[in-house]
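Participant: Next comes the sequence, and after it the predicted model I'd like to discuss.
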Amino acid sequence: MFKAEIRSDTLKSVVNIISTLIDEVKFTIDQDGMGLKAVDPAHVAMIEMQIGSGAFESFSADSTEIGVDLDKIKDVLKLAGASDVISIEQDEDRGKLIFKVGNITRRMNLVDTSSMGETKVPQLDLSASVSVPVSELQRGIKASESISDHIALTANEAGFSLSCEGDTDSVDLVLDKSVLSKLDVKSEVRSIFPLDYFSNLIKAVPSDLTVTIGLDTDFPVKINFDMADGNGKVRYLLAPRIEND
Amino acid sequence: MFKAEIRSDTLKSVVNIISTLIDEVKFTIDQDGMGLKAVDPAHVAMIEMQIGSGAFESFSADSTEIGVDLDKIKDVLKLAGASDVISIEQDEDRGKLIFKVGNITRRMNLVDTSSMGETKVPQLDLSASVSVPVSELQRGIKASESISDHIALTANEAGFSLSCEGDTDSVDLVLDKSVLSKLDVKSEVRSIFPLDYFSNLIKAVPSDLTVTIGLDTDFPVKINFDMADGNGKVRYLLAPRIEND
Amino acid sequence: MFKAEIRSDTLKSVVNIISTLIDEVKFTIDQDGMGLKAVDPAHVAMIEMQIGSGAFESFSADSTEIGVDLDKIKDVLKLAGASDVISIEQDEDRGKLIFKVGNITRRMNLVDTSSMGETKVPQLDLSASVSVPVSELQRGIKASESISDHIALTANEAGFSLSCEGDTDSVDLVLDKSVLSKLDVKSEVRSIFPLDYFSNLIKAVPSDLTVTIGLDTDFPVKINFDMADGNGKVRYLLAPRIEND
């Protein structure tokens, strides 16, 4: 059993973030909320998300799993204004999920989850941790898009930087301590990442949020943030590109 | 002779509605206003429109017919703000229509109407009649577009519904008496219609209007509405798709 | 040496106007400001622009020449709001230009100017001179685009007009003395010009400006205007199309 109500803008943020990696997702639901773990088809990035019942306007559920096609939820979201409340209910007898927006009812088949494997999101102990306003990262990405398809992230005692080096041109976004709400660095660390994955995630995060970036040299980057007034927790891991010297 | 002035937004609504069916139209003009009857090339839908002289800022005409290419009027409309007044004048000597928007004069050749047949719009006696806010229908159409290319319209004593059934998903817009300014139904009626025709018309109708829908089982749907503060009257007929049981 | 700061919207106007003719440009810089002369690849139009140091928030330079790819400056402009100040500095050792917008630094290779010839912009003595609001010309262009690919500009004692004649349709924008801040005409003059060149320029000019049009029969049109509170001066020449009678 699963029955809940959620604001359109909250659901939209959730869907936009997950769909940077996958089109179909398995939510694991219990009485405390819903969660998911997923890896993209190329196994370059992973996401773990937990949305507590407090993120919903109303929430009641037994333990269950539901598989959902995210494009169909996007269709539903187009019918609602940002502050509209969408009701969601599982129709267990018929294997359907029922969305209601005002006078409109949309029924959709659940996606079979039996072929979706379990994703294990590793615990990583990374030496640097930096809290960065998303809006700054979004500007840095925008500046990088015409330069190269990789970016370098660097953290040192002075601050955090995003750099993109092309054949003739380069871009650097340098954020010193004054714009970082947290800067915990032992020694300088630096890794290179595919711009498209990093860009798709950061563009999907609401621009008024702050993300905490865990970084180490030639290690995956860990991007953690809270959504929905702290009721949603996201952990994202992106594999580095190892440079050949 | 035909000489008139009309607000840009009024002319735009007229053109948008007609151009859901045809590209070139013959207006029949007399001293009381202008009218048209038209059927789309596939003979699936028909429209009859009467725009009284009261819909114009000024209007003077003798009995005449003019053939117009609607895309050219759309070009003219792009030059005007919503509340700008457009002047229209027939240049009988040269077979042209002259539009003026501010400092700009646009002359266009009239379209030859001799090959345009007379459209007879049948009188239909349909058992159900329902008045529905256009904004609700527009939301129902938006929800249906990814589901199927046909919709069912149903009226019964409880209200009016628009339904769209796909292979795996479905959408229902259910409007009860409280949102219907008129609900006149003897027994439940239901017909199926092509979504694209219905959608194109309803999207072209100003969203603050209410349309009256005449419906019967396996009959065409009749959609009537007033525009331009009651000075414009539109009757639209759309053929049903007969379901095989 | 060249180091300056300029408002984003000022730089944007400069770049938009130049890029109607060319993609790469050579700026000639001295202590008073920067200038350029350019002709399009088809030698149909020429531009001469002088941007005085007063157009910049700060400006210091020795005599130098720099070659720039305008598309790259457009990338930089996308990172800035209209009133943001962009800093520009030449890195002479490495042949680069360095742009800074807030926390972002963009380095770009200079374009080799050795193969860019010197453009001589001829002095023309044209008999008619008319000052026209750009917003009116922009409306006239918009009305002309579906009619023909040439426009006629006419000036006489009554005013100024832009006309476009197609096979079946025509457009006329007629501006009488009341909307012209200057009308200096000896006798009627008229020339025909390619719509695309004229349109691209006029669309790139800020719509609150007034341009002074120098016109003569079967001569190039000269379009002069000031930008950046009079600190930027633009002269534009467009070759006529000679009609065969």
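Facilitator: Here it is on my side, so go on.
Participant: So for stretch A:145-159, mean pLDDT?
Facilitator: Mean pLDDT, stretch A:145-159: 96.
Participant: Check which residues of it are buried.
Facilitator: Neighbour counts over stretch A:145-159 (16 or more other C-beta atoms under 10 Å in any protein chain shown) mark A:145, A:146, A:147, A:148, A:150, A:151, A:152, A:153, A:154, A:155, A:159 as buried. C-beta: built from backbone N, CA, C; applies to glycine.
Participant: Kindly report the same for stretch A:48-58.
Facilitator: Neighbour-count burial for stretch A:48-58 flags A:48, A:49, A:50, A:51, A:52, A:53, A:55, A:56 (criterion: 16+ other C-beta under 10 Å).
Participant: Show me what whichever strand or helix holds the fourth one packs onto, helices and strands only.
Facilitator: So that's residue A:51. Residue A:51 belongs to strand A:45-52 when elements are defined using DSSP states H and E. With contacts defined as 3 or more C-beta pairs under 8 Å, 6 or more residues apart in numbering or on different chains; DSSP states H and E, the packing partners of strand A:45-52 are helix A:8-18, strand A:33-39, strand A:232-238.
Participant: Could you tell me the angle between the last one and strand A:33-39?
Facilitator: Read it as strand A:232-238. Angle, strand A:232-238 to strand A:33-39, by axes from the mean of the first three to the mean of the last three C-alpha atoms, to 10 degrees: 10 degrees.
Participant: Strand A:232-238: how far from the chain's middle?
Facilitator: Centroid separation for strand A:232-238 versus its chain: 6 Å, with C-alpha atoms, centre = their mean, to the nearest Å.
Participant: returning to what we had before: so which of the helices and strands packed on strand A:45-52 gets nearest residue A:93?
Facilitator: With C-beta to C-beta as the criterion, residue A:93 lies closest to strand A:33-39 of the helices and strands packed on strand A:45-52, at 20.9 Å.
Participant: Reformat the helices and strands packed on strand A:45-52 into a markdown table and put mean pLDDT, mean neighbour count and distance to chain B next to each item.
Facilitator: Putting the helices and strands packed on strand A:45-52 into a markdown table (pLDDT from 0 to 100; neighbours: other C-beta atoms under 10 Å in any protein chain shown; distance: least, C-beta to the nearest C-beta, whole Å) gives the following:
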| stretch | mean pLDDT | mean neighbour count | distance to chain B |
| --- | --- | --- | --- |
| helix A:8-18 | 96 | 21 | 13 |
| strand A:33-39 | 96 | 19 | 21 |
| strand A:232-238 | 97 | 21 | 26 |
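Participant: Looking at those, spot the one closest to residue A:100.
Facilitator: helix A:8-18 (12.0 Å).
Participant: which one is residue A:64 nearest to, not counting chain neighbours?
Facilitator: residue A:29 (5.0 Å; C-beta to C-beta, 6 or more residues apart in numbering or on different chains).
Participant: For that neighbour, give me its contacts.
Facilitator: A:2, A:35, A:61, A:63, A:64, A:65, A:66 (C-beta atoms under 8 Å, 6 or more residues apart in numbering or on different chains).
Participant: Over in chain A, which residue gets nearest chain C? Let me know.
Facilitator: Nearest residue of chain A to chain C (C-beta to the nearest C-beta) works out as residue A:168 at 3.9 Å.
Participant: can you confirm that residue is in a strand?
Facilitator: No - under DSSP: H, G, I helix; E, B strand; the rest coil, residue A:168 falls outside any strand and is assigned coil.
Participant: okay, now residue A:41: neighbour count?
Facilitator: 8 (other C-beta atoms under 10 Å in any protein chain shown).
Participant: Please name the bridge partners of the closest residue to chain B within chain A.
Facilitator: Relative to chain B, the nearest point of chain A is residue A:109 (3.9 Å; C-beta to the nearest C-beta). Counting by DSSP bridges, residue A:109 forms beta bridges with residue A:96.
Participant: Next: residue A:39.
Facilitator: Judged by DSSP bridges, the bridge partners of residue A:39 are residue A:46.
Participant: give the contact list for residue A:199.
Facilitator: A:141, A:144, A:145.
Participant: do residue A:62 as well
Facilitator: The neighbourhood of residue A:62, defined by C-beta under 8 Å, 6+ apart, consists of A:1, A:2, A:30, A:31.
Participant: what's the spacing between it and residue A:26?
Facilitator: Here the criterion is C-beta to C-beta, to the nearest Å. By it, residue A:62 lies 16 Å from residue A:26.
Participant: now the buried residues of stretch A:48-58 in JSON lines, with pLDDT?
Facilitator: Output for these, formatted as JSON lines (pLDDT from 0 to 100):
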{"residue": "A:48", "pLDDT": "97"}
{"residue": "A:49", "pLDDT": "97"}
{"residue": "A:50", "pLDDT": "97"}
{"residue": "A:51", "pLDDT": "98"}
{"residue": "A:52", "pLDDT": "97"}
{"residue": "A:53", "pLDDT": "97"}
{"residue": "A:55", "pLDDT": "97"}
{"residue": "A:56", "pLDDT": "98"}
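Participant: List just the nearest of those residues to residue C:220.
Facilitator: Nearest to residue C:220 among the buried residues of stretch A:48-58 is residue A:49, at 63.9 Å by C-beta to C-beta.
Participant: Tell me who's in contact with residue A:241.
Facilitator: Taking C-beta under 8 Å, 6+ apart, one finds A:150, A:192, A:193, A:194 in contact with residue A:241.
Participant: how about the helices of chain A, start to end?
Facilitator: For chain A, helices defined by DSSP state H occupy the ranges A:8-18, A:70-77, A:134-144, A:195-204.
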